[in-house]
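# Build me a model:
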Amino acid sequence: MRASLEAERLRDGGESLLTREAWKIFQIMAEFVRGYEKLAAVEPCVSIFGSARLSEDHPWYQETLRIAEKLSNAGFSVISGGGPGIMEAANRGAHRGSGYSIGLNIELPHEQHSNPYQDISLSFEHFYSRKVMFMKYAAAYVVMPGGFGTLDELAECLTLVQTGKTRKMPIILFDSKFWGGLIQWWKDTLLVHQTIHPEDLQLITVLDDADAVVQTIFDHYEKRGFAPSASETEALLNL
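Numbers count the residues shown, from 1 in each chain. All right, here's what the predicted structure looks like:
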């Protein structure tokens, strides 16, 4: 039965589909290779996330602009998703400073378009290869208010740090009013049902001040330095 189904699939163009899927592996590999080659020399980096839907005059856009510029002038390269809204503010702020402004653009049918403030611009078809670049070269995560995509990146980072699949780093949520409900739900629901440990809540820092963002990152690395340890390097190789 299985053999006949496979034969029917091949007659209906399945062989062509299998060939396309096999070649897709090489396209994904190419995205990783381009990312590794472009980003390996620009550490330390801070990845900044947030809504693509905010205009230039929005307070969160302006706060992101300030944070990114301060980080850039403090010696960090700034990585964003390369698109509009908070992503544009992150690249724009970094572009004003002395560090690299890096955009990891994703090809989407709507909403995403590349902003003009990128010193290094990479384009991805696949979210998962793009996610690796956000994590692999980040010394910290700054998560501004956003939607599903922002929550996706936050959950990815928390999971990888929690499970030891990447190095421990500052994960900063900006704007306590925006994030307060989510954090309270974690405490009231996830913690109560023991689906997370109490120490998992210590993975995040909630801040409302741009200067405090930069200081928190420096405080984390003050004694240990920005270079990953041998064990962290190994984890990043297997990310």
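# which parts of the longest helix along the chain are buried?
Among the elements of the chain assigned as helix by DSSP state H, the one spanning the most residues is helix 15-39. Judged by neighbour count using 16 or more other Cβ atoms under 10 Å, the buried positions of helix 15-39 are Glu31, Gly35, Lys38, Leu39. (C-beta placed from N, C-alpha, C; glycine too.)
# ok, now which ones touch the nearest residue to the last one once chain neighbours are set aside?
Distances taken as Cβ to Cβ, 6 or more residues apart in numbering place Tyr137 nearest to Leu39, at 4.7 Å, with adjacent residues excluded. Tyr137 is in contact with Leu39, Ala40, Val42, Glu43, Cys45, Ile79, counting by Cβ atoms under 8 Å, 6 or more residues apart in numbering.
# Now the third one, what are its backbone angles?
Here the main-chain torsion angles of Val42 (degrees, to the nearest 10) amount to phi -120, psi 20.
# can you list the domains in the chain?
1-41, 42-237 (automatic domain parsing).
# still on that earlier bit, which of the contacts of Tyr137 sit farthest apart?
Ala40 and Ile79 (13.0 Å; Cβ to Cβ).
# Just want to know which of these two has more residues nearby.
Ile79 (30 against 10; other Cβ atoms under 10 Å).
# just checking, the more buried one is part of a strand?
Yes - per DSSP: H, G, I helix; E, B strand; the rest coil, Ile79 lies within a strand segment.
# Mind pulling up the pLDDT for the residue nearest the centre of the chain?
In the chain, the centroid-proximal residue (Cα atoms, centre = their mean) is Phe134; its distance is 4.0 Å. On the pLDDT scale, Phe134 is placed at 93.
# and if you look at Thr233?
Reading off the model, Thr233 has pLDDT 84.
# does it count as helix, strand or coil?
Assignment for Thr233 (three-state DSSP): helix.
# Can you show me the helices along this structure?
Counting by DSSP H, the helices of the chain are 2-9, 15-39, 59-73, 86-96, 127-136, 148-162, 176-185, 210-221, 230-237.
# okay, and for the chain, where does confidence drop off?
Scanning the chain for pLDDT under 70 picks out the ranges 1-15, 109-112.
# Repeat the analysis, applying 90 as the threshold.
For the chain, the stretches flagged by pLDDT under 90 are 1-25, 40-43, 106-114, 126-128, 222-239.
# hang on, Val142 packs against Ile48?
Yes - applying Cβ atoms under 8 Å, one finds Val142 in contact with Ile48, separated by 4.6 Å.
# Mutual contacts of the two, please.
Ile67.
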